[in-house]
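Student: Give me the fold of what follows.
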Amino acid sequence: MIQKRKEYSGIIIPVVTPFDDDGKIDTPAIERIIENFITNDCETLLFGTTGETASIPQSAKTKVVETLKKHTDQHRIYVAISDNCFDDAVTAANRYYDSGVEAVVVLLPGYYPITRDQMLNYYERFVDAIHGKMFIYNIPATTHMSIPLEVIEKLSYHERIVGLKDSERDYARLEESIDLWSHRKDFSYFIGWGAQSLSGLRSGVDGIVPSTGNFYAPVYKDMYQAVIENNKENGERCQDISMEIANVYQKNKILGQSLPALKIMMNEAGLCGKKVLLPFTELPENEEMVIHQQTRHLIDKYNLTWI
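Tutor: Below is the predicted model of the structure:
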């Protein structure tokens, strides 16, 4: 069991959403994936960007959350909220709490550009309307807005806003965030920036949210423990392996290509199928073949195994 610095710290993996050939959520597959997370002391974020959240009907999300909480009662599950309609977002969040999730992870509504005061007002109104804990989720790649750190700092003192998940690629922002929150026991700072996982943990971030963990969670368990034990060599080895894996599905690809590519890798490992929902499409056969070959090379090179 990895040690934790705060109540909310460690590794939360934004799980892919596997689908069957009819486009329905493959619940047995997602249960198998999460079993790998549990074995490796990783927690689960459902229906985030990696989980194709914008493509899935709310009714299907609610049903899966209810099923998974029954299947994994002691495992912490977080659920992302990405609705543009405020009332729909609040309703979804409260249904998730009723199912027993640990917290919701809330994006800004992404349709309209809004001011920093409107961002502050949105989150203040949101947390007052829900029944449980929440994380703020900053991801300019999908919302096309960056939440200013001064807005997050103001929100961080609300008793039910327990942390930030930040996927913005900005070194100065990363350093300032560590200065603001690494000493705070009541507020946790997670990054969703795979290339900075090791350096971030060493510098004082509380946790990481690596999509690459879908393919191979043990590398992040080992990385986190290496930081706790100040084992520089092992930490760097884990970071190098994680980047080799990430490059197969991310390098020179936009999200519309990288998420289908990640499922191809997971298919090669026997974890789930390759089906994606619109607007995504499966990759061309020649590209898929290359990803399968590269994945097999990594599995053989590092003797990767799954439960």
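Student: What distance do you get for Met134 to Val90?
Tutor: 11 Å (CB to CB, to the nearest Å). The C-beta positions use only the backbone N, C-alpha and C, and glycine is treated the same way.
Student: so where do the helices sit in the stretch 101-250 of the chain?
Tutor: Along the stretch 101-250 of the chain, counting by DSSP state H, counting those that start in this stretch, helices occupy 116-129, 140-143, 149-155, 171-181, 197-203, 218-228, 232-250.
Student: Output the ones you listed in CSV, with mean neighbour count appended to each entry.
Tutor: CSV is the format used below for these (neighbours: other CB atoms under 10 Å):
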stretch, mean neighbour count
helix 116-129, 16
helix 140-143, 16
helix 149-155, 17
helix 171-181, 16
helix 197-203, 21
helix 218-228, 22
helix 232-250, 18
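Student: which one of these lies closest to Thr212?
Tutor: Smallest distance to Thr212 across those (CB to CB): 4.7 Å, for helix 232-250.
Student: Okay, angle between the closest one and helix 218-228 too, please.
Tutor: Here the directions of helix 232-250 and helix 218-228 differ by 150 degrees (axes from the mean of the first three to the mean of the last three CA atoms, to 10 degrees).
Student: Helix 232-250 - what's its average pLDDT?
Tutor: For helix 232-250, mean pLDDT is 98.
Student: so what does that helix touch, helix or strand wise?
Tutor: helix 197-203, helix 218-228, helix 255-268, helix 285-302 (3 or more CB pairs under 8 Å, 6 or more residues apart in numbering; DSSP states H and E).
Student: Mind putting the helices of the stretch 101-250 of the chain into TSV with distance to Leu259?
Tutor: Output for these, formatted as TSV (distance: least, CB to CB, whole Å):
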stretch	distance to Leu259
helix 116-129	27
helix 140-143	12
helix 149-155	27
helix 171-181	24
helix 197-203	19
helix 218-228	19
helix 232-250	8
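Student: which one of the ones you listed lies closest to Ile34?
Tutor: Of those, the one closest to Ile34 (CB to CB) turns out to be helix 218-228, at 14.5 Å.
Student: from the chain's centre, how far out does the closest one sit?
Tutor: Mean-position distance between helix 218-228 and its chain equals 17 Å (CA atoms, centre = their mean, to the nearest Å).
Student: same thing with stretch 201-209?
Tutor: Centroid separation between stretch 201-209 and its chain, computed with CA atoms, centre = their mean, is 14 Å.
Student: swap in stretch 148-166?
Tutor: With CA atoms, centre = their mean, you get 18 Å for stretch 148-166.
Student: remind me which residues of the protein are low pLDDT?
Tutor: 1-3 (pLDDT under 70).
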